[in-house]
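Novice: Generate a structure from the sequence data that follows.
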Amino acid sequence: MPEAGQQGDTEVWNRVKRRLRAELGEDVFTSWFARLELDAVNDGCAHLTVPTRFLKSWIEAHYADRVRSVYRSESPLVANIAVAVRSSAAKEPPATARPHLHPARADTGPNDHARVKLVSDRDLGPTPARSQGPDTTELGGAPLDPRLSFTSFIVGRSNALAHAAADRVARHQGTQALYNPLYLHAGVGLGKTHLLHAIGHEARRNGRRVIYLTADRFMYGFVAALKAQTALAFKERLRGIDLLILDDVQFIQGRSIQQEFGHTLNSLIDSGRQIVVASDRPPTELESLDERVRSRLGGGLVVEIGALDEQLRASILAARVSTVKMTHAGFDVGPAVISYVARAIVANGRDLEGAVNRLLAHATLTGSAITLETAEIAIRDLIRNREPKRVKIEDIQKLVASHYNVSRSDILSERRTAAVVKPRQIAMYLAKVLTLRSLPEIGRRFGGRDHTTVLHAVRKIEKLLGEDTGLNDEVELLKRMLQE
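Specialist: Just a heads-up that it's a prediction; the model follows:
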């Protein structure tokens, strides 16, 4: 292909990606399309590549038509697309291989928008031999993170209830499960994954068969089982355990996978097996999940882990410093510095961990003591004035309706009068910029509208804000009121 042609194809592909991001939302795009790359365009077909078979199967099953449609609108000469796996075919297991169902590694790094880690086939290890009953070794897979135990979990006011419920579930020995399911939800870095691993460790010590899965691993196992025609064995093994721990449930997508997830929930709960689930939001806000699944998840004990207060942040810092001193004897952080860092960093536990790492690096690289002045320099990039408030679409709709003297039902209705259209479009714009919801999700929350309607509203308000200073001031006021 000539170099000029390659450059033109790249420009078209970049436009396609920008449109997919705008239409599907940041979460969906980052999860499924961030690693989709253009290889070549030949004879009216765009050849795209991805790193894993699972990602190829998922895109082909759920998004092929959308990608093809967007591509044709940007380049009429492209009539079709083809998705292939970038890795060598020799590395892939045979099509008849039985999926190896073991838990994924806990992802403890910061990942606000793209929390789904797609797992390549070679990460799964050798294919296990077929067994007659549940194989606890196979189901257990890689060990849970040994650092994430109840002993290392620091309890404070914001997480005391979640800790107590997790501890009770982990140590329970009765025939019927407690608080089933136990549903923990919290923002990033507040300890929900820590509690999941702690539950797993304690339950295994008590002789229970435990499996820890992230949402992507559950989806991968099910899709792989369908392709290998071993779905029944997959279901039997998954349901032949005592405790299922599922993290990042908000990323379970696809109708067939959601149905199987719902069946698995029902089967385990009805048979008295324990389920523990974690997410970044309560069940009622999981708009992408089937309503029956949301209802089942909310039918047990739902516990929110709140923001870390200053006392808890100081305790976490002190514990982390003590751990570091076991390997760096000269690392000394006084109470005044710990108090300062606890006041300065208010976001989450991961930023606290980062603060300790920066203090350690400063001490070891410069050889100087950690003082308040050096601490201020070391953690400057981590300091946040305040933790952003989680804004709900319902709150946006109510505030905008009140501000413009219309009702929320007017905003959700089909009315097209100017008095209603403008507040509706402003509310859609605010929902896009103040929440992590995708355009399709926002459309559903605004009376079941199509995502293109939301996109049109966002673009129109963005244009008006650059032209009308009065409107810009109004919208900025609404933003401040929603975030206070």
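Novice: In this structure Ile316 contacts Asp309, no?
Specialist: No. When contacts are counted by Cβ atoms under 8 Å, Ile316 is not listed as touching Asp309 (10.8 Å). (Each C-beta comes from the backbone N, C-alpha and C, glycine too.)
Novice: These two: who's more crowded?
Specialist: Ranked by neighbour count (other Cβ atoms under 10 Å), Ile316 and Asp309 place Ile316 first, with 21 against 14.
Novice: okay, the more buried one: pLDDT?
Specialist: Predicted confidence (pLDDT) for Ile316: 93.
Novice: roughly how far apart are it and Ile257?
Specialist: As for Ile316, its distance to Ile257 is 36 Å (criterion: Cβ to Cβ, to the nearest Å).
Novice: need the next SSE after the lowest-mean-pLDDT helix or strand in the chain, C-terminal direction.
Specialist: When each helix and strand of the chain is scored by mean pLDDT, DSSP states H and E, helix 136-140 comes last, with a mean of 37. Per DSSP states H and E, the first helix or strand lying C-terminal to helix 136-140 is helix 160-171.
Novice: burial count for Gln250?
Specialist: Neighbours around Gln250, by other Cβ under 10 Å: 21.
Novice: which non-adjacent residue is nearest it?
Specialist: Ser279 (4.8 Å; Cβ to Cβ, 6 or more residues apart in numbering).
Novice: give the contact list for that neighbour.
Specialist: The contact partners of Ser279, by Cβ atoms under 8 Å, 6 or more residues apart in numbering, come to 183-185, 248-250, 286.
Novice: Name the SS class of the closest residue in space to Ala40 that isn't next to it in sequence, please.
Specialist: Distance criterion Cβ to Cβ, 6+ apart; nearest residue to Ala40, sequence neighbours excluded, is His47 at 4.9 Å. Put simply, His47 is strand when judged by DSSP: H, G, I helix; E, B strand; the rest coil.
Novice: What confidence value was assigned to His47?
Specialist: In this prediction His47 is given a pLDDT of 92.
Novice: Contacts only, for it.
Specialist: Taking Cβ under 8 Å, 6+ apart as the test, what His47 contacts is 38-41, 81-82, 84.
Novice: Please name the bridge partners of it.
Specialist: Ala40, Ala82 (DSSP bridges).
Novice: which residues does Leu482 contact?
Specialist: 389, 391, 395-396, 399, 430, 434.
Novice: Among those residues, which are located in helices?
Specialist: Using DSSP state H, the members of the contacts of Leu482 that fall in helices are 395-396, 399, 430, 434.
Novice: May I see the ChimeraX selection of the buried members of these?
Specialist: Buried subset of the ones in helices among the contacts of Leu482, written as a ChimeraX selection, criterion 16 or more other Cβ atoms under 10 Å:
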select :395,396,399,430,434
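Novice: of the ones in helices among the contacts of Leu482, closest to Arg21?
Specialist: Nearest to Arg21 out of the ones in helices among the contacts of Leu482 is Leu434 (Cβ to Cβ; 17.9 Å).
Novice: On the pLDDT front, check that closest one for me.
Specialist: 89.
Novice: Give the rounded mean pLDDT of stretch 397-407.
Specialist: Rounded mean pLDDT across stretch 397-407 is 91.
Novice: for that stretch, the distance to its chain's centre please.
Specialist: 31 Å (Cα atoms, centre = their mean, to the nearest Å).
Novice: Isn't Asp9 up against Leu38?
Specialist: Yes. The pair Asp9 / Leu38 is scored as a contact, 6.5 Å apart, by Cβ under 8 Å.
Novice: so what sits against both of the two?
Specialist: Ala46.
Novice: ChimeraX command to pick out the buried ones of the contacts of Ser279?
Specialist: A single ChimeraX command is used to select the members of the contacts of Ser279 judged buried by 16+ other Cβ under 10 Å:
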select :183,184,185,248,249,250,286
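Novice: From the contacts of Ser279, pick the one nearest Glu26.
Specialist: Distances from Glu26 to those, taken by Cβ to Cβ, are shortest for Gln250, at 13.6 Å.
Novice: sorry, back to before: can you name the two of the contacts of His47 that are farthest apart?
Specialist: Longest span within these, Cβ to Cβ: Val41 and Ala84, 13.8 Å.
Novice: Compare the two and say which is more crowded by neighbours.
Specialist: Between Val41 and Ala84, Val41 has the larger neighbour count (other Cβ under 10 Å), namely 23 against 12.
Novice: How about that one, nearest residue that isn't a chain neighbour?
Specialist: Asp9 (4.8 Å).
Novice: dump the residue contacts of the one you found.
Specialist: 1, 38, 40-41, 46 are the contacts of Asp9 under Cβ under 8 Å, 6+ apart.
Novice: Including distance to His451, could those go into a markdown table?
Specialist: Below are the contacts of Asp9 laid out as a markdown table (distance: Cβ to Cβ, whole Å):
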| residue | distance to His451 |
| --- | --- |
| Met1 | 34 |
| Leu38 | 24 |
| Ala40 | 30 |
| Val41 | 27 |
| Ala46 | 23 |
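Novice: Tell me the most packed of the residues you listed, by neighbour count.
Specialist: Ala46 (25 neighbours).
Novice: Distance check, it against Ala347.
Specialist: In terms of Cβ to Cβ, Ala46 sits 41 Å off from Ala347.
Novice: quick one on the thing from earlier: would you list the contacts of Leu482 in TSV and tack on distance to Asp473?
Specialist: Converted to TSV, the contacts of Leu482 look like this (distance: Cβ to Cβ, whole Å):
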residue	distance to Asp473
Lys389	21
Val391	19
Asp395	20
Ile396	18
Leu399	16
Leu430	14
Leu434	17
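Novice: Out of those, which is nearest to Phe153?
Specialist: Nearest to Phe153 among these, with distances taken as Cβ to Cβ, is Lys389, at 25.9 Å.
Novice: What separation is found between the N-terminal and C-terminal residues of stretch 41-58?
Specialist: Across stretch 41-58, the terminal residues are separated by 22 Å (Cα to Cα, to the nearest Å).
Novice: Of all the residues in it, which ones are buried?
Specialist: Buried, per 16+ other Cβ under 10 Å, within stretch 41-58: 41, 46, 48-50, 52-58.
Novice: Redo those residues as CSV? Include distance to Arg15.
Specialist: Formatted as CSV, the buried residues of stretch 41-58 follow (distance: Cβ to Cβ, whole Å):
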residue, distance to Arg15
Val41, 14
Ala46, 12
Leu48, 15
Thr49, 19
Val50, 20
Thr52, 25
Arg53, 28
Phe54, 27
Leu55, 22
Lys56, 23
Ser57, 26
Trp58, 23
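Novice: min pLDDT across those, which one?
Specialist: Comparing the buried residues of stretch 41-58 by pLDDT, Phe54 comes last, at 69.
Novice: Show me where the stretch 351-484 of the chain dips below the pLDDT cut-off.
Specialist: Flagging of the stretch 351-484 of the chain using pLDDT under 70 yields the residue ranges 384-389, 484.
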